[in-house]
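Asker: Pasted the sequence and its predicted model underneath.
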Amino acid sequence: WHVLLTRAGTPQPVVNRLHAEMKRIMAEADIQNRMKGIGLIPVESPSIEGMQKYIADEEVKWGTVIRKLGMAGSQ
């Protein structure tokens, strides 16, 4: 998956505007066709909260795998 991120503390109105504009752009037929042309599968963008939850869940899932395999670096 591909996602546009901003740094922590970005004002919510800015985050909302970026999300709305990217959602609009990614829904354009030309953009969808370009994506398909390079082997991507266009899907509708989840909500901001949905994406935040997905990323948090992935961090937990893969962090657990990395720690169990002993691959975690010293931090």
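Answerer: Right, received. Where do you want to start? Numbers count the residues shown, from 1 in each chain.

Asker: residue ranges with poor pLDDT in this structure?
Answerer: 74-75 (pLDDT under 70).

Asker: Distance from the longest helix seen in it to the middle of the chain?
Answerer: Criterion DSSP state H: the longest helix present in the chain is helix 48-68. In this view, helix 48-68 has its centroid 12 Å away from the chain centroid, taken as CA atoms, centre = their mean, to the nearest Å.

Asker: so what does it touch, helix or strand wise?
Answerer: Counting contacts by 3 or more CB pairs under 8 Å, 6 or more residues apart in numbering; DSSP states H and E, helix 48-68 packs against helix 12-26. For the C-beta atoms, the positions are set from N, CA and C on the backbone; glycine is no exception.

Asker: Try it again at 6 Å.
Answerer: Judged by 3 or more CB pairs under 6 Å, 6 or more residues apart in numbering; DSSP states H and E, helix 48-68 is in contact with no other helix or strand.

Asker: buried residues in it?
Answerer: For helix 48-68, the neighbour count (16 or more other CB atoms under 10 Å) marks Met51 as buried.

Asker: So that it lines up with my notes, have the first residue be 14 from now on.
Answerer: That works, and once the first residue is 14, the last one we named lands at helix 61-81.

Asker: Lovely, talk soon.
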